[in-house]
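Chemist: Here is a sequence together with a model predicted from it:
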Amino acid sequence: MANELPNGNGAGAAEAAPSLNALVQYTKDFSFENPKAPRSLAQQEAQQGPQMSLQVNVGSTALGDNDYETVLRLEGKAEQKGETLFAFDLSYAGVFRLQNIPQEHIHPVLVIDCARLLFPFARQIIAEAVHNGGFPPFYIPPIDFAALFQQRMQELEGQQGAATN
């Protein structure tokens with residue numbers, strides 16, 4: 001019986017399986033600015049699309065043995081002819097329980113996988129706020145959190161290399 005599981009019923013294998021559970025998610029901080037309203041709303045139909053900018057940051061904090069908070073921060077603005085049409089700053093967070101994940105994989109799971117779980121909700125909050133501000137909804141394009149993580153790790157390696165020279 002080479003296919004038998006430990007303890008005869010598979011319970012040992014299930015206990016050791018890695019797991020990621022979202023316990024709660026919430027808006028931690030949110031700001032939407034429409035500094036030129038109502039003038040910008042009347043002018044927007046006659047103008048071309050605005051120039052959009054977006055910054056993405058992900059951070060995490062340990063809350064206990066297996067619980068972590070991941071915060072996805074999305075900050076952006078729309079400008080036209082050097083004037084800000086609207087700006088937003090959202091910190092959307094979640095508390096996640098990680099079990100049976102090797103220590104060296106915890107940080108990547110928090111900033112890649114947890115951010116990926118939070119993103120659709122944060123994206124919707126921003127789209128609705130922009131729409132409620134009188135503009136067409138702004139849907140943030142999909143974000144590759146794994147590529148952002150790799151880029152950040154390369155930046156840190158470059159900084160460490162420059163510091164040792």
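Modeler: Alright, I've got the coordinates.

Chemist: Can you pull out the low-pLDDT segments for the protein?
Modeler: 1-15, 40-48, 161-165 (pLDDT under 70).

Chemist: That one: helices as residue ranges?
Modeler: 11-16, 39-43, 103-108, 115-132, 145-164 (DSSP state H).

Chemist: deepest of the ones you listed, which one?
Modeler: Stretch with highest mean neighbour count among those: helix 115-132 (a mean of 17; mean count of other C-beta atoms under 10 Å). All C-beta spots, glycine's among them, are computed from the backbone N, C-alpha and C.

Chemist: My guess is A122 contacts L90. True?
Modeler: Yes. Counting by C-beta atoms under 8 Å, A122 touches L90, with 5.7 Å between them.

Chemist: which residues are common contacts for these two?
Modeler: Common contact partners of A122 and L90 (C-beta atoms under 8 Å, 6 or more residues apart in numbering): L74.

Chemist: on that earlier part again, out of the helices of the chain, which comes closest to S60?
Modeler: helix 103-108 (7.1 Å; C-beta to C-beta).

Chemist: From P120, how far out is the closest residue to F32 other than its chain neighbours?
Modeler: In this structure, F32 finds its nearest non-sequential neighbour in A129, 4.4 Å apart by C-beta to C-beta, 6 or more residues apart in numbering. Applying C-beta to C-beta, to the nearest Å, the value for A129 to P120 is 15 Å.
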